[in-house]
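Engineer: let me see the structure of the following:
(chains A and B)
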2 protein chains.
Amino acid sequence: MGLYIFFPPGRVINAGKSQHNEDQACCEVVFVEQRPSPRGWLSSREGGGELDGGRKGFYFHYWALFDGHAGSGAAVMASERLHLHICEQLRDLVEILQDPSPPPICLPHDTRAGSAEPNQVSSTEDHGEVPNDAVPRFHLEKAVSHESLVIGAIENAFKHMDDQIERERASQHLPGGCCALAAIYLMGKFYVANAGDSRAIIIRNGEIIPMSREFTPETERQRLQFLALLRPELLGKEFTHLEFPRRIQPKELGKKMLYRDQNMNGWAYKKIEEDDLKFPLIFGEGKKARMMATIGVTRGLGDHDLKVFSSNIHIKPFLSCFPEVRVYDLTQYEHCPDDVLVLGTDGLWDVTNDKEVAGVVMEVLMSYEPNDPCRYTMVAQELVVRSRGVLKERGWRLANDKLGSGDDISVFVIPLGGPGNYT
Amino acid sequence: MGLYIFFPPGRVINAGKSQHNEDQACCEVVFVEQRPSPRGWLSSREGGGELDGGRKGFYFHYWALFDGHAGSGAAVMASERLHLHICEQLRDLVEILQDPSPPPICLPHDTRAGSAEPNQVSSTEDHGEVPNDAVPRFHLEKAVSHESLVIGAIENAFKHMDDQIERERASQHLPGGCCALAAIYLMGKFYVANAGDSRAIIIRNGEIIPMSREFTPETERQRLQFLALLRPELLGKEFTHLEFPRRIQPKELGKKMLYRDQNMNGWAYKKIEEDDLKFPLIFGEGKKARMMATIGVTRGLGDHDLKVFSSNIHIKPFLSCFPEVRVYDLTQYEHCPDDVLVLGTDGLWDVTNDKEVAGVVMEVLMSYEPNDPCRYTMVAQELVVRSRGVLKERGWRLANDKLGSGDDISVFVIPLGGPGNYT
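Structural biologist: Modelled structure (predicted):
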């Protein structure tokens, strides 16, 4: 049972964490230093992020939760490294992100860096070559925003993190996998990246703004069924890509049963055939939904060795390490000290819904002075305590006597307009 | 330039349709008669939809628009048959949909219809067989709603329609393909099924409720790239599944260019390799976005023979005939005579946005008595006329002198609380 709290300016408090906690967390301020190059393509320009004694770059703030399963190795490594991978991806973008003009579509050869002007696409840069045709070349050129470059950098950082876990899992002993939820504050915007079933919400002026969605066998059913349909060999003759509302028994052969195929959202009846007796790729509902009867989350890091129980069928091909990234522009709204971004692992959200979390946030914040930095810590602590419940004869119980969360619980409460300052 | 208007109780007015119009429309009230069977599984029950001189069944109301391309054959056939396929899919569900208890997960053998009790799952029905294990069998049984059976029926009807076009395209001369947008009113609910780039919105008390989304190379990018990645042979060595913001030139080999892969929403730079010189699977923006440089919609009916220009690469494997079905429960809200469902082909929405359409709806309806059935016809007519514009020296122009729609325009305006009565 873990508790991680953001405490400006960037300390992590870990309270009440038991030995078996598979949740990990990280909170950092990271400096992204421009990668040295013979001559950067913008190097001739004035100014532009010259910091720390001549080093060019910028800072980002970073908070992340990693909910491990089948061991904490992957979660521990991800908590130590993911922000470094994000930093690495951003290093090539230091000048581009600091330049207000649109990002260049094409960059010059690495070896010829500096030979082309910025924002000049490469068609005319080469030694006076004559264009092949007279019409304007790039009338069909898509505009790409700075924001989408940051999103792409975060997405690829997750992929590199996953690759690193794969490479080092044997030597470093990194069993299992983990869900990853990260919030990156960069140049006025929050980027919330989620791969798994953790959740982030913003509470602004009492209103709830979802900043993530969960990736589970149910929410990703169509992607998984589509893959299974195209790559049936991944199912190892044990599973069918069709979904049924329950297991079929051999004696039901020939009867009509409800099913759902990859391109359907509704249900229909089909005559049960031999192949339908296999176990469904997706089975169960809600928290009990499993893919290949094994795993309840379909995105995350690690799990490279995960197999279906007592079989040689690999789960990893169905899992995605790519996060969904949502962006929140902090400059578009005047924030008050009670506006916060809450990150939590599923241990929190399983027993405390968005509205209840917002209620606790407002209730606790009200009981402290607006400029008391402790107030956010107290919110996180209260959220964990309420979701864990109290140990009674019949297990951990909440105030309403319902079962408390038996899962690990980790929470970040990040002030958007409070004493924390991200500049 | 076509105009289709719903006129209660179910007449279609086709005004101003030119000879070259590829839009087609259909408006019907369809009786779904229960399929005759030795003994229906509910046949011993009382009542339940006995209509029309003993025939058991129910009615549904149906409006649909078909926006054809590369010929009107597919659109014409779909406009004549899609509702019959929906009817056919619903025939097996007559008793189930009229029974308020949850739909049975499993139906008995066709040949043994009547031997099992309704809603009794089949585990105990057979001749006193001893269950294999003592624990309750179906503790993991998913509940399936009546609504999702109707959705499944509509989805499969689109598939059967597409299959029929495929079978009969040679003998019936059915060139081309079409987008399909259908609204089905059944037992208190509107089911809006969309496959293509037509659009449906509800305007209720001045508020706009989207009832569909468009399926284009841009909105379906990730599905298309995923398929191309898994089945590269479908690209015929001509295309790359990666997206680039513009065409790459051979001399740019080795430079770094922005790209987007199937699992990315952001953009990143990659070093240009030989394979990247192929044409991107998805290319262009907005109305100019094309898949395989050929087609601007990615769902619909027909197109079985469509190939990439002067090649042997088939487009159809990338197209989906499955609609997205959205449900609107008419009984959840008290509707006034000004509340309407608007269906329109892209010729309407390309020049007139949701807000402008809502404005025209309110403006025109206000100028007629609430019980005048003509008022909905007048709205549809006004929407078409405004979107077409007026023929001036420099082509069809709108009131604001922007270009009017050069495309076919078809519109249904369906009253939700007006003189139309769907019972």
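
Engineer: what element comes up after the top helix by length along chain A heading to the C-terminus?
Structural biologist: The longest helix of chain A (DSSP state H) is helix A:146-168. As assigned by DSSP states H and E, the chain's next helix or strand after helix A:146-168 is strand A:177-186.

Engineer: counting contacts, what elements does the next helix-or-strand element following that following strand pack onto?
Structural biologist: Once strand A:177-186 ends, the next helix or strand along the chain (criterion: DSSP H and E) is strand A:189-195. Counting by 3 or more CB pairs under 8 Å, 6 or more residues apart in numbering or on different chains; DSSP states H and E, the packing neighbours recorded for strand A:189-195 are helix A:146-168, strand A:177-186, strand A:324-329, strand A:340-344. Bear in mind the C-beta positions are built from the backbone N, C-alpha and C, glycine included.

Engineer: show me what the mean pLDDT comes to for strand A:189-195.
Structural biologist: For strand A:189-195, mean pLDDT is 98.

Engineer: pull up the pairing partners for that strand, direction included.
Structural biologist: strand A:177-186 (antiparallel), strand A:324-329 (antiparallel) (DSSP bridges).

Engineer: need the residues that contact that strand.
Structural biologist: Residues outside strand A:189-195 that contact it (CB atoms under 8 Å, 6 or more residues apart in numbering or on different chains): A:147, A:150-151, A:154-155, A:158, A:179-185, A:200, A:211-215, A:299-301, A:320-331, A:341, A:343.

Engineer: what subset of the residues you listed is buried?
Structural biologist: Those of these that meet the buried threshold are A:147, A:150-151, A:154-155, A:158, A:179-185, A:200, A:211-212, A:214-215, A:299-301, A:320-328, A:330, A:341, A:343, by 16 or more other CB atoms under 10 Å in any protein chain shown.

Engineer: pretty sure residue A:213 sits against residue A:325.
Structural biologist: No: counting by CB atoms under 8 Å, residue A:213 stays clear of residue A:325, with 11.6 Å between them.

Engineer: between those two, which contacts overlap?
Structural biologist: Shared contacts of residue A:213 and residue A:325 (CB under 8 Å, 6+ apart): none.

Engineer: OK, contacts around the spatially closest residue to residue A:308 that is not a sequence neighbour?
Structural biologist: Excluding the flanking residues, the one nearest residue A:308 by CB to CB, 6 or more residues apart in numbering or on different chains is residue A:292, at 5.1 Å. With contact set as CB under 8 Å, 6+ apart, residue A:292 has these partners: A:239, A:279, A:281, A:308, A:313, A:315, A:318.

Engineer: can you list the strands that the lengthiest strand in chain A pairs with?
Structural biologist: Counting by DSSP state E, the longest strand found in chain A is strand A:55-69. Here strand A:55-69 is paired, per DSSP bridges, with strand A:23-33 (antiparallel), strand A:50-51 (antiparallel), strand A:177-186 (antiparallel).

Engineer: where are the low-confidence patches of the stretch 1-150 of chain A?
Structural biologist: Scanning the stretch 1-150 of chain A for pLDDT under 70 picks out A:1-21, A:37-54, A:109-139.

Engineer: residue boundaries of the helices in it?
Structural biologist: Ranges of helices in the stretch 1-150 of chain A, per DSSP state H, counting those that start in this stretch, are A:73-91, A:94-98, A:146-168.

Engineer: how far does the first one sit from its chain's centre?
Structural biologist: Going back to what we said before, that points to helix A:73-91. Mean C-alpha position of helix A:73-91 versus that of the full chain (CA atoms, centre = their mean, to the nearest Å) differs by 12 Å.

Engineer: can you dump the C-alpha atoms of that helix in PDB for me?
Structural biologist: Backbone C-alpha positions of helix A:73-91 (Å, rounded to 0.1, in the frame of the first residue of the first chain) are rendered in PDB as follows:
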ATOM      1  CA  GLY A  73      11.500  -5.300 -11.600                       C
ATOM      2  CA  ALA A  74      10.000  -3.600 -14.700                       C
ATOM      3  CA  ALA A  75       8.300  -1.000 -12.600                       C
ATOM      4  CA  VAL A  76      11.500  -0.200 -10.700                       C
ATOM      5  CA  MET A  77      13.500   0.200 -13.800                       C
ATOM      6  CA  ALA A  78      10.800   2.300 -15.600                       C
ATOM      7  CA  SER A  79      10.600   4.600 -12.500                       C
ATOM      8  CA  GLU A  80      14.400   5.100 -12.700                       C
ATOM      9  CA  ARG A  81      14.700   5.500 -16.500                       C
ATOM     10  CA  LEU A  82      11.500   6.600 -18.300                       C
ATOM     11  CA  HIS A  83      12.200  10.300 -17.800                       C
ATOM     12  CA  LEU A  84      15.700   9.900 -19.100                       C
ATOM     13  CA  HIS A  85      14.300   8.300 -22.300                       C
ATOM     14  CA  ILE A  86      11.900  11.300 -22.600                       C
ATOM     15  CA  CYS A  87      14.800  13.600 -22.100                       C
ATOM     16  CA  GLU A  88      16.800  11.800 -24.800                       C
ATOM     17  CA  GLN A  89      14.000  12.100 -27.300                       C
ATOM     18  CA  LEU A  90      13.600  15.800 -26.600                       C
ATOM     19  CA  ARG A  91      17.300  16.600 -27.000                       C
END
